[in-house]
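*Asks:* Kindly return the folded structure for what I paste below:
(6 chains)
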There are 6 protein chains.
Amino acid sequence: MDFPLLPQVATAETADVYFLRSREVLRRLDLDPFVGMQVFCRLGGVFCGGGQVRQLFEETSFGGELWMLAEGETVQPGEAAVEILALYGSFGRFETALLGILASCTAWATAARAAVEAAGETPVVSFGARHVHPNVAAIMDYAAVVGGCLTCSTPLGAALARKKPAGTMPHAYVLIVGDTVRAAEAFDAVMPHDIPRIILVDTFQDETVESLRVAGALGPRLEGVRLDTPSERGGVTPALVTELRARLDEAGFGSVLITVSGGMTPERITAFRDYGAPVDSFGVGSYISGACPIDFTADIREIEGAAIAKRGRLPGMTRNPRLRRVL
Amino acid sequence: MDFPLLPQVATAETADVYFLRSREVLRRLDLDPFVGMQVFCRLGGVFCGGGQVRQLFEETSFGGELWMLAEGETVQPGEAAVEILALYGSFGRFETALLGILASCTAWATAARAAVEAAGETPVVSFGARHVHPNVAAIMDYAAVVGGCLTCSTPLGAALARKKPAGTMPHAYVLIVGDTVRAAEAFDAVMPHDIPRIILVDTFQDETVESLRVAGALGPRLEGVRLDTPSERGGVTPALVTELRARLDEAGFGSVLITVSGGMTPERITAFRDYGAPVDSFGVGSYISGACPIDFTADIREIEGAAIAKRGRLPGMTRNPRLRRVL
Amino acid sequence: MDFPLLPQVATAETADVYFLRSREVLRRLDLDPFVGMQVFCRLGGVFCGGGQVRQLFEETSFGGELWMLAEGETVQPGEAAVEILALYGSFGRFETALLGILASCTAWATAARAAVEAAGETPVVSFGARHVHPNVAAIMDYAAVVGGCLTCSTPLGAALARKKPAGTMPHAYVLIVGDTVRAAEAFDAVMPHDIPRIILVDTFQDETVESLRVAGALGPRLEGVRLDTPSERGGVTPALVTELRARLDEAGFGSVLITVSGGMTPERITAFRDYGAPVDSFGVGSYISGACPIDFTADIREIEGAAIAKRGRLPGMTRNPRLRRVL
Amino acid sequence: MDFPLLPQVATAETADVYFLRSREVLRRLDLDPFVGMQVFCRLGGVFCGGGQVRQLFEETSFGGELWMLAEGETVQPGEAAVEILALYGSFGRFETALLGILASCTAWATAARAAVEAAGETPVVSFGARHVHPNVAAIMDYAAVVGGCLTCSTPLGAALARKKPAGTMPHAYVLIVGDTVRAAEAFDAVMPHDIPRIILVDTFQDETVESLRVAGALGPRLEGVRLDTPSERGGVTPALVTELRARLDEAGFGSVLITVSGGMTPERITAFRDYGAPVDSFGVGSYISGACPIDFTADIREIEGAAIAKRGRLPGMTRNPRLRRVL
Amino acid sequence: MDFPLLPQVATAETADVYFLRSREVLRRLDLDPFVGMQVFCRLGGVFCGGGQVRQLFEETSFGGELWMLAEGETVQPGEAAVEILALYGSFGRFETALLGILASCTAWATAARAAVEAAGETPVVSFGARHVHPNVAAIMDYAAVVGGCLTCSTPLGAALARKKPAGTMPHAYVLIVGDTVRAAEAFDAVMPHDIPRIILVDTFQDETVESLRVAGALGPRLEGVRLDTPSERGGVTPALVTELRARLDEAGFGSVLITVSGGMTPERITAFRDYGAPVDSFGVGSYISGACPIDFTADIREIEGAAIAKRGRLPGMTRNPRLRRVL
Amino acid sequence: MDFPLLPQVATAETADVYFLRSREVLRRLDLDPFVGMQVFCRLGGVFCGGGQVRQLFEETSFGGELWMLAEGETVQPGEAAVEILALYGSFGRFETALLGILASCTAWATAARAAVEAAGETPVVSFGARHVHPNVAAIMDYAAVVGGCLTCSTPLGAALARKKPAGTMPHAYVLIVGDTVRAAEAFDAVMPHDIPRIILVDTFQDETVESLRVAGALGPRLEGVRLDTPSERGGVTPALVTELRARLDEAGFGSVLITVSGGMTPERITAFRDYGAPVDSFGVGSYISGACPIDFTADIREIEGAAIAKRGRLPGMTRNPRLRRVL
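*Replies:* Model prediction:
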């Protein structure tokens, strides 16, 4: 499936304008050397975005070689993650897009990896679409899966990642129906069988009270409950999960799973695990989707075979045997 | 000019899937109440993104009232920034997109405002396209101008903001030409007269040496020089700007402007000003484009005229006289 | 009303044993000079305990003059709070008790003062009996009222302070009755009319749900509700109080008061006030009753009219015009 | 020997008043279920106070089972330290006293343990009676011995702990006698042979000068000297102890022991040991007696055999095999 | 009086060797331009050392103009403190000495100023000779007086500063005499009348005991006592000074002054003043003599009238109207 | 070779005046006991200055035994580093000089050792003469070599340390010649063959540009280049060294060494090594020459064979088998 890129990316309207101006000058000078460019990041992380870069280059006038790490590989600080060997004129104007794709996607995948590692065996689902612009929400979800999330919440993101989207129900839905049990029953009545019945239990009442009511109503069809307690009520705490588990078990609902969400970070996930709270899955939102971009830099290192570099950089191509040629 | 939104936004493929599922259940239940929803953010900032929300609602099935703050107004923590009065079914599935647009755009505008305020009278230009995904680069640039930037570096962003894009030249261009003075002369020869001649002077040589050479070559046609000294060489420092100014003035190039870029933040901008460094404009990149999203929350506060709220929120619509009706 | 002191205090069995041994030696030496002793504390605070000291001296062999600050006056660091002019043999063995009474009582009163000042116009009630030994619980409550609390929770403490004891109901009671509304109704049916109906609403259910149920059941006889949400559920938060107030008001129960308790400190009380949370009274427990003792020191400064002092102290009595003679 | 409890403890006048009110309501409702209650603390420590609880229950109407840890055992955070199985009416009103006894005594014993562990082989004596109310001074001393102190300074505390009280002489005594050597000689002449001659040497003169004078005067009858140098003179320092030891040894008084006191904490004790200062015993005061209470919580977990718990707690009795039945 | 400089300073044997080598090359090149050099420091402070620079230049081949601030003036960060206009060959080899003299002397004077300002009206005496190499001890003392000290402890330093040296007596002297009073009496008997009798009172005994003994022995001839209590005994504390003053006054020795020394810094001096301790003079040692050098930098700014500067510095002489010509 | 001490050191004019006054009193008392004195420091470090002490004692009236550690040995905190057994009158007046010599020299040697240890195999050269008074610059350089520096920059210091002085050329020289390459060529033409050609490359131009020009001009006669980039240009960074190495190697100048200087400390040296920057030698200045003195204390411990000590110190000589007799 193709990545959804705005058409203005391929026309370089989203490039820094100076690439377009340089292009014009170089054309007049009739200068179009064969160059070697390497792209690296200072911080390192989980490499992501290479597929989009390849798609962009395929759709435009690129005629050289494109080498890169695989999606999801760890990129070391300072390591060349992408290498381009081509006539400069065939790709130079896409430097902005190339760097932007990698900066955003690598940041999302890296943050997802941190959450996933904190969670250990417990699955993590990407729930952060609401915290980023919808033009990138699905790509963010794709990157989160590259970073290790089990799946994500947007249909388009899930499609990119070849997963089924995950979700429960919004508070708005429960409020409109007017009662958590009725909302659960309606959901259960309407949804296809392969959609898991995971009910949101914090809209009207104490979470443990509602969970027991819902479990009583849906019986074995209930797959799980989601705790998304707002911060005004102290947020979801390890003690709450533990208590809910105890009350469910005691009432004979030992198979009902508990999903938690709301401000989850690796630190909070670790706190749940250190406490021994029996969480069955974590929904992670803004920690992933609001991750600070991991900046990449592109350096020309060779022009017509001669080593060169701007001041402050090392001239000449460095060899990275981990790169694979994709174009 | 229309904002460039992916077509999948209007089809709700970038929504959290549970909105789509709820929609189906509510349809079966034949439940489509008239609701009042309010959208607020905890942190406050410079409101931005309302135009995109309006465009999205206009393009889809929305039939109610849409009220909001104006682009660039300050939104207070907890204040209702957007208010929707409509049948839930006509807009509910766009909650994800609505929140994501506001979270990203408000964050960018707010960060731009902080940089602009730090810079005082000195103009700030948004140079951060390379640090974000190209699907949002132009929208980010637009938001930066909403936040107070003079202009930005992408043609599409500048068009959205009704500005001319700004830029100098990339290091790649200077490296390919092979000499800063020749690069400057070619640029000067080719570019239309209304494009300012601002030359990048740190590619090959000491910045002061190159600036004097370029000023000698272009004479009064030279508008300015840009310092983008890499961190490997200590970055741009207030002392460097001061020294360059002194050397230019002494050589009779008092009208040549000095633009600085590279890791500029309000703190660093303030340091330049406290030192008294004679900077003529600041290029700000990742501080704006990598700003952490400012999360918004949408609450249903009224259903068919009755006050309601989920647990943890106050029931009933609060009145905000600053809102203006846009649909 | 007499302060409840153990009989072993007056027999000096709770004194440091060396006072008893010294007494014996001095008797054999036939040494019983007239001394001047001054008692001060390094930290300062709200002076409390003087009444107990007077009672102890009255009940024993004391025959000199006893001067002191009034209960509840502020004592400055280093200021003489108590002054004794008497034959040493008539009181020397009570130095331990004297210092201990002042250290504990002044600490409790000082902590109470800090909580009361943080609370501004809102009353504070001492709820800390469960955090200190029952031998001093009532005296602690008395000291808390000296420090500014409106009243306290123990009958004996309230009697010492000439107040009516305050309280609601324990979780144990609600659990035994099995339902919050039934517990409220029984309480209302049995208690005399002058006992305010303040119901504990966090035992079984969400606090707002229970409050509305209780308010519906008791009607105008309900004076207030108490929030004591456990930390496992995030504790009582300013947002919870605000929401409860809004829901009560909306339902027409605007006259129901809200009392909060559980880990209240001046910092948390200030946070409630800064947030604007409509709290009607604060129950403060361990912050007062667990206050670290404010140590007092007793120095002999004069023997038979001659100025003297141990190494490290200033010889001679200092004059403190604020002292009043009580014996 | 019985613990000295105020008579008002057994009449529940020191209870939170709501226990008395609930009692009345439950009587009217004719509700007196058989309950299981467990008592735990969040912080853990050295369990102390169980004997007093047992004494209180024995003296009142208790008719059920009482299980608890042994005095001095380590209680883990969250572990059930006391378990009660009885008709609620027979003990419910003593919850305040029960928790207060455990909070105070466990805190004192825990602090004592920390000081004792810091001191290693060197004995620690509880000297803190002057920093707490005399109603609890002896119980504090008892708890300090439970925590590992060799003995304590109050006769009543020592009796409770089945020890001999320890002490030297107060500064007041030395001041009255007027000379340290004369004070030492009088003490030596009067005291029975089994009271060790430990002389306070910092009242009038430099500690080393006085120690040598006293040692010369008392000869082999001198057991030790106590350093209690006031903070105005820099307090007792490791260097002072070391110098005093050297000067005593050089003068042939190698058997004279050195006791130090004054603001001793585990940190300061550790500093003495790290320095290698030859201290023979530590007197620890406010660190033990001013220890912040370690709060305990009592939860009803079972009513008439059915598991139950208030919101935030786990329903049902947990099994703790370390508990022993005492009633 | 001449400053004591090693003869090797004038022969440039203490210069960085590269100045000597450059000199040789420039001679061969027959290059001896007339240059303008300015000397500044980044930190600022109390300018000191100019007299030594002048003396050095006078004694050697210097033939140009020498301008500088006056001894004791405040030099601002970055301000030209010294300006040289001369043939380079006549002074270039003394750059090392020039900078070293200013760095050391300015640091000492600046530290002295800080101590003097902390002390307010109370005089400060420089006692730090023992903490620096004797080749600079007297110059350090001179700089301390420039910085505001009343006088200093070395005869040579005092002569340079046109003061009388100050001092009391060393511990070694008191130890050899064997008794403080005898040491005081012998000092009194032997010393000329104009040497103040200030006796060191902490060698053998408690300071207050010895002070009273000495005051009794010398009567009105005693000018003061010096407290230099070692850190092993807690050092000199504000409380000790206050107590000593009280005991002296009470015994009728109100005119005996109190001098304190031992680790005095502006912070400790401020602590004495904040406490209200009646100190009559402060002896300050290592704070002044161990002050970290305040580095100076010398820049050639003009060669044969043309503005020039090394990279990183501003070309051309800046005008400083505060400079005065000394040669 | 003799250490250069001012003549006023031997005449005790740089002593604290009280030693001279005591001397006079003791003479009148005819007191000149045989004493044992020990000298120690609290902090420990690299012992240095013993040779100067010995020289001073040899040149004056000393007639006893002098024992000490060897130059460069590590002295432990509290360890006796010097021991004097002699008639007090023969050396007492030199206590100030003795302590000052050891304090300064040990500090310099200790700081040098820290820099040398940070640098590992890479040599360190003492470049700090310009930061200390020229009266001690050479002695500082000597101490730096005792602490492990390869050599130093002053001829006199190098002579004391039996090394050849090291240095390159000052910025003043390059500025006067007017071009780095011409300056290098002149230096090469004039200097004897055994003076290494190490050229300063940051005066006019970017360091890498100048290095390549100089290397081209001098060819194999070029031994190295020195980077001393001013802080206004970001100082010398590990990345700059790495880039320069790469550019030199690529141009065939692999044998040209790189020396760095300017604000080097153990922390910055460690940063260069952690980065892997190929530095060939470090020039360390103010870190060594501005080291805070390491104070020494001299205690009389024995008088005529009897153990004694002032208050706060241990009486009697301690044995240190590491001391060697030098006089």
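*Asks:* can you list the residues that contact the helix or strand hosting residue A:241?
*Replies:* Residue A:241 is part of helix A:238-250, with elements assigned from DSSP states H and E. The contact list for helix A:238-250 (C-beta atoms under 8 Å, 6 or more residues apart in numbering or on different chains) reads A:207-208, A:211-212, A:215, A:225, A:227, A:229, A:254, A:256, A:258, A:260, A:271-272, A:275-279, C:231-233, D:307, D:309, D:311-316. All C-beta atoms are positioned from the backbone trio N, CA, C, and that covers glycine.
*Asks:* in it, what counts as buried?
*Replies:* Residues of helix A:238-250 classed as buried: A:238, A:239, A:240, A:241, A:242, A:243, A:244, A:245, A:246, A:247, A:248 (neighbour count, 16 or more other C-beta atoms under 10 Å in any protein chain shown).
*Asks:* again, but for stretch A:53-73
*Replies:* A:53-57, A:60, A:62, A:64, A:66-69, A:71-73.
*Asks:* from chain A, which residue is nearest to chain C?
*Replies:* Proximity of chain A to chain C (C-beta to the nearest C-beta) peaks at residue A:234, 1.1 Å away.
*Asks:* shouldn't that residue be in contact with residue C:237?
*Replies:* Yes. Look at residue A:234 against residue C:237 with C-beta atoms under 8 Å: they come within range, at 6.4 Å.
*Asks:* coming back round to it: the residue of chain A closest to chain C - how many residues pack around it?
*Replies:* Per other C-beta atoms under 10 Å in any protein chain shown, the neighbour tally for residue A:234 reads 22.
*Asks:* And the residue lying closest to it once chain neighbours are set aside, how far from residue A:237?
*Replies:* In this structure, residue A:234 finds its nearest non-sequential neighbour in residue C:234, 1.1 Å apart by C-beta to C-beta, 6 or more residues apart in numbering or on different chains. Computed as C-beta to C-beta, to the nearest Å, the residue C:234 to residue A:237 distance reads 6 Å.
*Asks:* Then residue A:230?
*Replies:* Distance of residue A:230 to residue A:237, given as C-beta to C-beta: 12 Å.
*Asks:* of the two, who's got more company?
*Replies:* residue A:237 (24 against 20).
*Asks:* give the contact list for the more buried one.
*Replies:* Contacts of residue A:237 by C-beta under 8 Å, 6+ apart are C:232, C:233, C:234.
*Asks:* Near chain D, which residues of chain A? Just list them.
*Replies:* Taking C-beta under 8 Å from any C-beta of the partner chain as the criterion, chain A approaches chain D at residues A:206, A:208, A:239, A:240, A:242, A:243, A:246, A:247, A:250.
*Asks:* Mind doing that once more with 10 Å?
*Replies:* Residues of chain A found near chain D (C-beta under 10 Å from any C-beta of the partner chain) are A:206-209, A:237, A:239-240, A:242-243, A:245-247, A:250.
*Asks:* Output the longest helix belonging to chain A.
*Replies:* For chain A, the helix with the greatest residue count under DSSP state H is helix A:95-119.
*Asks:* Could you chop chain A up by domain?
*Replies:* Domain segmentation of chain A under automatic domain parsing yields A:7-106+A:292-325, A:120-132+A:164-289.
*Asks:* export those to a markdown table and tack on mean pLDDT?
*Replies:* Conversion of those to a markdown table gives the following (pLDDT from 0 to 100):
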| stretch | mean pLDDT |
| --- | --- |
| domain A:7-106+A:292-325 | 96 |
| domain A:120-132+A:164-289 | 96 |
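*Asks:* mind listing what the residue nearest in space to the middle of chain A touches?
*Replies:* The centroid of chain A falls nearest to residue A:144 when counting by C-alpha atoms, centre = their mean (2.6 Å). Remark: with contacts taken as C-beta atoms under 10 Å, 6 or more residues apart in numbering or on different chains, residue A:144 is in contact with A:48, A:105, A:108-109, A:111-113, A:115-116, A:124-129, A:150-153, A:157, A:161, A:284, A:288-289, A:291.
*Asks:* hmm, 8 Å instead?
*Replies:* A:108, A:109, A:111, A:112, A:126, A:128, A:152, A:157, A:288, A:289.
*Asks:* And for residue A:127?
*Replies:* A:152, A:153, A:261, A:283, A:284, A:285, B:16.
*Asks:* redo that, cut-off 10 Å
*Replies:* For residue A:127, the contact set (C-beta under 10 Å, 6+ apart) comprises A:141, A:144, A:149, A:152-154, A:166-168, A:228, A:259, A:261-262, A:264, A:282-289, B:16, B:18.
*Asks:* Out of these, list just those in helices.
*Replies:* A:141, A:144, A:286, A:287, A:288, A:289, B:18.
*Asks:* Can you give me the neighbour number for the first one?
*Replies:* Read it as residue A:141. For residue A:141, the neighbour count with other C-beta under 10 Å is 36.
*Asks:* Nearest residue to it in space, please, no chain neighbours.
*Replies:* Of all residues apart from its sequence neighbours, residue A:157 sits closest to residue A:141 (C-beta to C-beta, 6+ apart), at 2.5 Å.
*Asks:* Mind telling me what element that neighbour is part of?
*Replies:* Per DSSP H and E: helix A:155-160 holds residue A:157.
*Asks:* Is the following helix or strand past that helix positioned near chain B?
*Replies:* Per DSSP H and E, the first helix or strand lying C-terminal to helix A:155-160 is helix A:171-177. Yes. Using C-beta under 10 Å from any C-beta, helix A:171-177 comes into contact with chain B via A:171, A:172, A:173, A:174, A:175, A:176, A:177.
*Asks:* Only the buried residues of the next helix or strand after helix A:171-177, if you could.
*Replies:* Beyond helix A:171-177 on the C-terminal side, the first helix or strand identified by DSSP H and E is helix A:180-190. Within helix A:180-190, the residues that count as buried by 16+ other C-beta under 10 Å are A:180, A:181, A:183, A:184, A:185, A:186, A:187, A:188, A:190.
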